[in-house]
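Q: Fold the following.
(2 chains)
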2 protein chains.
Amino acid sequence: MQQQISVITLGVSALDRSRRFYTEGFGWTPVFENEEIIFYQMNGFMLGTFEKSALEEDMGRPGLVSPGAFALAHNVADKTDVAPLMDRLVGAGGRLLRAADAPPHGGFRGYVADPDDHAWEIAWNPAWRIDTQGHVTFGV
Amino acid sequence: MQQQISVITLGVSALDRSRRFYTEGFGWTPVFENEEIIFYQMNGFMLGTFEKSALEEDMGRPGLVSPGAFALAHNVADKTDVAPLMDRLVGAGGRLLRAADAPPHGGFRGYVADPDDHAWEIAWNPAWRIDTQGHVTFGV
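A: Predicted coordinates for the structure are as follows:
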C-alpha cells in the first residue's frame, strides 16, 4: 500500500473569497477551476477547495461543521519568513488565530484561519528538509 | 512562494485507536511517535495524528468539532482496489460513510470515517497519474 494522500479537500462557502486567500495570500495558482471546485497542484498531491454543499453531497454526509479538528501547515525556509506570510494571509481575508512564537519542540510558528475557518500553521522548522520541488522530509 | 503543504495534522482523542486504523487499515508505518503525536512520512509531506487537546493548545483554539468540513483522499491504481481497501479500513476501526460508486465526474469512489470521524475518500481516478513515489499529478 502506497503511503500516499492524493487530495486534501476543504469545504468552502464562497469559492471566490477562498480563491483570493489562496491566490493572493499564498500566491498559488489553480491548475483547474469551475463554478464549484478549484484544484491547486501541490507538492505530490492536490489541494481542492470545493463548495461545502457539494462536498457534503459527494460524501453523503450533511452537517459538516467548523472549526474541524485538524490543521494544515505550510513550512517556510527561514524564521523571518513566518510573520510576513501570516500578515499577507490576513490581508487576503484570513484571520489571526495565534501570533507566531517558538513552540516547545523548537522552530517558530503561528496560525491563521482561512475565510472558512480552516486552520493554517505557518512554520519554520529547520529539522525538516524541503527540496526545490517542495517535497518535505521528516527530521529531528 | 512554494505551492507546498508540509503537514496535515488530524486531532485524535485516542492515539492507539487512531494508530491501528492507519497502520493496519492503510498499512502505513510511522516515521516518529511519542505519547501525544505520530508522524507518517507521506508523498512529499507529513501526516500527523496529534492528541486533540494538544492540538487545541498549540493552536490556541479550544473547541474543535467533528465532522469538520474537509476530506482526505487516497487514490488507488485500479477500480477493483477501492472496495477491498474500504473493507480493510472498516475492519481497522473505521466507519463506512458512503459505499463505493461512480461519481458524475468519472472514476469510482467511496468514503470511510477514521475513528475520530475524519473522512477519507478512497478513489480510483484514472486521469490522475501517481508515480512510483506516490506523487500525484492533476489530469483531466
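Q: CA only for contacts and neighbour counts going forward, please
A: Will do.
Q: can you list the residues that contact the helix or strand hosting residue A:11?
A: Using DSSP states H and E, residue A:11 sits in strand A:7-12. By Cα atoms under 8 Å, 6 or more residues apart in numbering or on different chains, the list of residues contacting strand A:7-12 from outside reads A:18, A:45-53, A:55, A:116, A:118, B:69-74.
Q: Stretch A:88-105 now?
A: Against stretch A:88-105 from outside (Cα under 8 Å, 6+ apart): A:17, A:20-21, A:24-26, A:82-83, A:86, A:108-115, B:58-61.
Q: Narrow those residues to those that are buried.
A: A:17, A:20-21, A:24-26, A:82-83, A:86, A:108-115, B:58-59 (16 or more other Cα atoms under 10 Å in any protein chain shown).
Q: Sitting in helices, which of those residues do you find?
A: With helices defined by DSSP state H, the entries of those inside them are A:17, A:20, A:82-83, A:86, B:58-59.
Q: For stretch A:16-24, measure first residue to last.
A: Using Cα to Cα, to the nearest Å, the end-to-end distance of stretch A:16-24 comes to 12 Å.
Q: Give the ranges of residues in chain A that sit below the confidence cut-off.
A: In the predicted model, chain A carries no residue with pLDDT under 70.
Q: Could I get the full set of helices for it?
A: Using DSSP H, the helices of chain A run over residues A:15-20, A:52-59, A:82-91.
Q: how about TSV for these, with distance to residue A:39 added?
A: Below are those laid out as TSV (distance: least, Cα to Cα, whole Å):
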stretch	distance to residue A:39
helix A:15-20	10
helix A:52-59	14
helix A:82-91	19
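Q: between these, which one is nearest to residue B:123?
A: For residue B:123, the closest of these is helix A:52-59, at 12.1 Å, according to Cα to Cα.
Q: Nearest to residue B:136, out of the helices of chain A?
A: Residue B:136 lies closest, by Cα to Cα, to one member of the helices of chain A: helix A:52-59, at 20.8 Å.
Q: Please work out the angle formed by the directions of the closest one and strand A:7-12.
A: Interaxial angle, helix A:52-59 versus strand A:7-12 (axes from the mean of the first three to the mean of the last three Cα atoms, to 10 degrees): 130 degrees.
Q: Pull the residues that contact helix A:52-59.
A: In contact with helix A:52-59 (Cα under 8 Å, 6+ apart) are residues A:10-13, A:36, A:62-64, B:69-70, B:97-98, B:103, B:110-111.
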